[in-house]
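K.L.:
Only the shape, not the letters, is given here:
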């Protein structure tokens, strides 16, 4: 994996936060993390990046994948040819009689149908059959919210996460944004967005005020696969809530919905206002310490104005960059179990994070040791 791996810690072993072993997950922990995360749908690419007639490469949980649109559907396969393991993502789409559009290897022209079977070998002698072993593993793939989603497991634990209201006609949806990968695990990225008490310190003047650092009164519940948080908090006037005549701190109502483990969605409304802004993130665990983030927004106001609001988008870019430098500093990359006491979440301020991590632990996700 290109990194030095440490041995796992035992429960009886004293945990020193400065010990290098707690900063790097063990090989066993990384493998367990990948096994647990395989059962979920993950976004791997903006749908606009997957052009008709052209395959594209992606990486999910260190698995190299090739994506293609074949015969009107999105297909995901392991990115290798069974012949001499060249990357299929370097190949092209070719129509084969009886099989339709297929993915052709760039090395010797072996072509694969949507189910991963090799259906054409140009070098095959006339009296030979295509070997039954000439087949590439395929994965579940689908398109939703402008993203290509992939599940590596044969039986996904849940469907693609639902993002509240995003597909409703009264909301105008803004452009999908893709951010450069963060050097952090996917749960760390989600937790940074879920953490509503760091605003005064990391985002002062945008969504926080150090003169008012008290945490909001959280209403936290588990609803199916989701962790749902309802809060009311004070925020400075910013492009998400700004209306004519607003100034100073504003009371803001937020409903945060986390699709465990990899999406987070905010419904945001200033007190007394009918204007609702939706902001969501979906993350792709490229590797245990590398995460790709997709971001989108919708609104039920200013429907006659351009969908792209430069001031609003600039604020979101600033918030994410402010978070990135903090999140990339966190160790260990995978979350430590509560019992290690490496991290000390506080009640009631950290209730949303505690509930999210509790759900992760129930699913066997993100345990360092």
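P.N.:
Cool, got the structure. Note that the structure is a prediction, hence the values are computed from the model and not measured.

K.L.:
what ranges do the helices span in the stretch 151-300 of the chain?
P.N.:
186-194, 199-202 (DSSP state H, counting those that start in this stretch).

K.L.:
per-residue confidence averaged over the longest one?
P.N.:
It refers to helix 186-194. Helix 186-194 carries an average pLDDT of 97.

K.L.:
on contacts alone, who are the packing partners of that helix?
P.N.:
Counting contacts by 3 or more CB pairs under 8 Å, 6 or more residues apart in numbering; DSSP states H and E, helix 186-194 is packed against strand 249-259, strand 263-270, strand 277-287, strand 290-299, helix 310-327, helix 351-362. C-beta here means a position set from N, CA and C on the backbone, and glycine is covered the same way.

K.L.:
Please identify the deepest-packed of the helices of the stretch 151-300 of the chain.
P.N.:
Neighbour counts (mean count of other CB atoms under 10 Å) averaged over each of the helices of the stretch 151-300 of the chain peak at helix 186-194, with a mean of 24.

K.L.:
Outside of that one itself, list whatever touches it.
P.N.:
37, 182, 198, 229, 256, 258, 261-264, 281, 283-285, 291, 293, 323, 326-327, 330, 333-335, 352-353, 356-357, 360, 365-366 (CB atoms under 8 Å, 6 or more residues apart in numbering).

K.L.:
Report the angle between that helix and helix 310-327.
P.N.:
130 degrees (axes from the mean of the first three to the mean of the last three CA atoms, to 10 degrees).

K.L.:
Now do the strands in the stretch 101-250 of the chain.
P.N.:
111-112, 118-120, 138-144, 147-151, 172-173, 177-182, 219-223, 226-236, 249-259 (DSSP state E, counting those that start in this stretch).

K.L.:
Kindly report the domain assignment for the chain.
P.N.:
42-151, 172-362 (automatic domain parsing).

K.L.:
Bridge partners for residue 221, pull those for me.
P.N.:
Note on residue 221: beta-bridge partners by DSSP bridges are residue 228.

K.L.:
Pull the number of nearby residues for it.
P.N.:
11 (other CB atoms under 10 Å).

K.L.:
Against the centre of this structure, work out the most remote residue.
P.N.:
Taking CA atoms, centre = their mean as the measure, the residue most remote from the mean C-alpha position of the chain is residue 127, 48.5 Å away.

K.L.:
where's that residue relative to residue 110, distance?
P.N.:
Applying CB to CB, to the nearest Å, the value for residue 127 to residue 110 is 18 Å.

K.L.:
What of residue 221?
P.N.:
With the distance defined as CB to CB, residue 221 ends up 52 Å from residue 110.

K.L.:
Please apply the same query to residue 190.
P.N.:
In terms of CB to CB, residue 190 sits 40 Å off from residue 110.

K.L.:
quick one on the thing from earlier: with distance to residue 30 added, can I get the domains of the chain in CSV?
P.N.:
Formatted as CSV, the domains of the chain follow (distance: least, CB to CB, whole Å):
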stretch, distance to residue 30
domain 42-151, 9
domain 172-362, 5
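
K.L.:
Quick one: closest of the ones you listed to residue 25.
P.N.:
domain 172-362 (4.7 Å; CB to CB).

K.L.:
okay, how far is it across that closest one, tip to tip?
P.N.:
36 Å (CA to CA, to the nearest Å).

K.L.:
Residue 79 touches residue 62, doesn't it?
P.N.:
No. In this structure, residue 79 is not within contact of residue 62 by CB atoms under 8 Å, at 11.9 Å.

K.L.:
count of neighbours near residue 107?
P.N.:
There are 15 residues near residue 107, going by other CB under 10 Å.

K.L.:
sorry, back to before: name the stretch among the strands of the stretch 101-250 of the chain that sits most buried.
P.N.:
Comparing those by mean neighbour count (mean count of other CB under 10 Å), strand 111-112 ranks first with a mean of 27.

K.L.:
could you say what helices and strands that strand packs with?
P.N.:
Checking 3+ CB pairs under 8 Å, 6+ apart, strand 111-112 ends up next to strand 100-104, strand 118-120.

K.L.:
Sheet-wise, list the partners of the shortest one with their directions.
P.N.:
According to DSSP bridges, strand 118-120 forms sheet pairs with strand 111-112 (antiparallel).

K.L.:
returning to what we had before: give me whichever of the helices and strands packed on helix 186-194 is most buried.
P.N.:
strand 277-287 (a mean of 24).

K.L.:
From the contact counts, what lies against that strand?
P.N.:
strand 42-46, strand 56-60, helix 186-194, strand 263-270, strand 290-299.

K.L.:
Report the separation between residue 343 and residue 200.
P.N.:
Distance from residue 343 to residue 200, by CB to CB: 20 Å.

K.L.:
Pick out the residue closest to the middle of the chain.
P.N.:
Centroid-nearest residue in the chain: residue 283, 1.2 Å away (criterion: CA atoms, centre = their mean).

K.L.:
Among the strands of the stretch 101-250 of the chain, which comes closest to residue 206?
P.N.:
Here strand 226-236 is closest among those (CB to CB), at 6.7 Å.

K.L.:
by how many degrees do that closest one and strand 249-259 diverge?
P.N.:
160 degrees.

K.L.:
If I take strand 226-236 and strand 263-270, what angle do their directions form?
P.N.:
40 degrees.

K.L.:
Can we start the residue count at 8 from this point?
P.N.:
Noted, 8 is the first residue going forward, which turns the last one into strand 233-243.

K.L.:
State the mean pLDDT of strand 233-243.
P.N.:
96.
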